[in-house]
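Asks: From the sequence below, what's the structure:
(chains A and B)
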Amino acid sequence: MPSTIILDIGFMAMLVVVAIAIVRLRSLFAIVMLQGVYSLVSAMWFVSLDAVDVAFTEAAVGAGVSTVLMLAAMLLADRESLPVPMSRQIGPLIIVVLIGLAMFYALGDMPAYGDPHSPANSYVGMDYIGRTADDIHIPNVVTAVLASYRGYDTFGEAVVVFSAGLGVLLLLGLNGNAGKWRAKPNGVRISKAAAPAARRRPLPKDAVRKGDAS
Amino acid sequence: MTPHVILRVVSKFLIPLIAMFAFYVQFHGDYGPGGGFQAGVILAASVILYALIFGLDAAKKAIPPSWVRIGMSLGVLLYGGTGVATWFLGGEFLNYSVFTPDHPSHGQHYGILAVELGVLLAVASVMVAIFYAFGSRQPDLTDEDW
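Replies: Numbering: from 1, shown residues only, chains lettered A, B, ... in the order given. Below you'll find the predicted structure:
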């Protein structure tokens, strides 16, 4: 058995363990940190699968920025999540089990890892790999596909990122001042002068620092 | 936040390196893994690290929110503008070969450079903007919260 398969199985086992820990935990701080761990482990797994560009993005976005953004969002909310009663967990469990079974059913039709005749490795993919050296003269085929052959798609992605930022800025404001506008339809003021979430909500006494890692 | 001497010293040393690594990823994207998106996120991470250690106000002095707002639109405009420029030069949208008709591959280099720069600007600005937006809405962390 090649050693990379052992590595892959190890990484996947770690992902499952981290995922179970995330589901079981109540402390949002620990959950955010474990999500960063999950991203980092999956980045390492992508490296072992030779998808270096994807691994790079996963490590930078998943483990770096999104952890910080989740922390910043968490500080606006409570530090611990409320326990969910068992009766509300049955529906999601059924959906997860059904989708998992469907995926296992579909597994038989998947091409083997690294199969040279799989759809991803033939047709248009091979075409790009063969033509990049002549058309664009750069060694990294991923960059050539992203920026040139599939420039439309990347433009769409840039616009998606821009719209996400625009949406957040419209909702929250760059300086936290999104709520500071005033409108007087029919002489009635409908807005407040201060952003509502500027003050922290007091926690119940017994909820503080239970299992909190800080 | 005076008590965190180790954090401040280490991050002062690391932040320039992180920013430099972002530009390495950006301009080495043609040869190795990486590109505008990853570079933008890494650049934003350096700003966010600065804000986490030295406070949001200091970060806003270094990178003013107005730059961030301009940066995110400028990035998308640079990408779209490259496409419009290829139109005016008689090619299809985002067909960079028309920049240098004698050497189509050189034009591809210039085009990829321009659009990757646009992606870098847009992604870095949006990440910093989202962090500013969330970070500005909560009171400063007291030492007990660390």
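
Asks: Could you report the pLDDT at residue B:59?
Replies: pLDDT for residue B:59: 90.

Asks: burial count for it?
Replies: 22 (other Cβ atoms under 10 Å in any protein chain shown). The C-beta positions use only the backbone N, C-alpha and C, and glycine is treated the same way.

Asks: And residue A:84, by the same measure?
Replies: Neighbours of residue A:84 (other Cβ under 10 Å): 9.

Asks: what helix or strand is it on?
Replies: Per DSSP states H and E: residue A:84 is located in neither a helix nor a strand.

Asks: what are the phi and psi values for it?
Replies: Per-residue torsions, residue A:84: phi -90, psi 130 (degrees, to the nearest 10).

Asks: do the same with residue A:86
Replies: Residue torsions, per degrees, to the nearest 10, at residue A:86 are phi -60, psi -30.

Asks: Check the spacing between it and residue A:14 real quick.
Replies: Look at residue A:86 and residue A:14: by Cβ to Cβ, to the nearest Å, they are 28 Å apart.

Asks: and if you look at residue B:49?
Replies: In terms of Cβ to Cβ, residue B:49 sits 26 Å off from residue A:14.

Asks: same thing with residue A:69?
Replies: Counting by Cβ to Cβ, the gap from residue A:69 to residue A:14 is 24 Å.

Asks: Looking at those two, which is more packed in?
Replies: residue A:69 (20 against 17).

Asks: In space, what's closest to the more buried one - neighbours in sequence excluded?
Replies: residue B:130 (6.0 Å; Cβ to Cβ, 6 or more residues apart in numbering or on different chains).

Asks: so what's the one you found scoring on pLDDT?
Replies: 89.

Asks: correct me, but it touches residue A:70?
Replies: No. Contact criterion Cβ atoms under 8 Å: residue B:130 and residue A:70 do not qualify, at 11.2 Å.

Asks: So which of these two has more stuff around it?
Replies: residue B:130 (26 against 18).

Asks: Which helix in chain B has the most residues?
Replies: Ranked by residue count, the top helix of chain B under DSSP state H comes out as helix B:104-135.

Asks: list the buried ones in that one?
Replies: Residues of helix B:104-135 classed as buried: B:104-109, B:111-135 (neighbour count, 16 or more other Cβ atoms under 10 Å in any protein chain shown).

Asks: Check stretch B:88-96 too.
Replies: B:91, B:94, B:95, B:96.

Asks: can you check stretch A:146-163 too?
Replies: By neighbour count with 16+ other Cβ under 10 Å, stretch A:146-163 contains the buried residues A:146, A:147, A:148, A:149, A:151, A:154, A:155, A:157, A:158, A:161, A:162.

Asks: Farthest pair within those residues?
Replies: A:149 and A:162 (22.3 Å; Cβ to Cβ).

Asks: show me the contacts for residue B:127.
Replies: A:65, A:165, B:40, B:41, B:44, B:45, B:48 (Cβ atoms under 8 Å, 6 or more residues apart in numbering or on different chains).

Asks: one more time with 10 Å, if that's ok
Replies: A:60-61, A:64-66, A:68-69, A:161, A:164-165, B:40-45, B:47-48, B:68, B:72 (Cβ atoms under 10 Å, 6 or more residues apart in numbering or on different chains).

Asks: Roughly how far does it sit from residue A:34?
Replies: Taking Cβ to Cβ, one finds residue B:127 at 22 Å from residue A:34.

Asks: Just give the number of residues close to the residue nearest to residue A:52 when sequence neighbours are not counted.
Replies: Computed as Cβ to Cβ, 6+ apart, the closest residue to residue A:52 that is not its neighbour in sequence is residue B:33, at 4.1 Å. If you count neighbours by other Cβ under 10 Å, residue B:33 ends up with 19.

Asks: Helix, strand, or coil at residue B:33?
Replies: coil (DSSP: H, G, I helix; E, B strand; the rest coil).

Asks: out of the contacts of residue B:127, which are inside helices?
Replies: Those of the contacts of residue B:127 lying in helices (DSSP H): A:66, A:68-69, A:161, A:164-165, B:40-45, B:47-48, B:68, B:72.

Asks: Pick the one among those residues closest to residue A:92.
Replies: residue A:66 (22.8 Å).

Asks: any idea of the pLDDT on the closest one?
Replies: 89.

Asks: unless I'm mixing things up, it is touching residue B:134, no?
Replies: No. In this structure residue A:66 lies outside contact range of residue B:134 using Cβ atoms under 10 Å: 11.9 Å.

Asks: Name the spans of chain B whose pLDDT lies under the cut-off.
Replies: B:1-2, B:138-146 (pLDDT under 70).

Asks: which among the buried residues of stretch A:146-163 gets closest to residue A:125?
Replies: Nearest member of those to residue A:125, counting by Cβ to Cβ, is residue A:149, at 10.8 Å.

Asks: can you tell me which residues contact the nearest residue to residue A:172 once chain neighbours are set aside?
Replies: Spatial nearest neighbour of residue A:172, excluding adjacent residues (Cβ to Cβ, 6+ apart): residue B:133 at 4.0 Å. For residue B:133, the contacting residues are A:69, A:72, A:165, A:168-178, B:65, B:68, by Cβ under 10 Å, 6+ apart.
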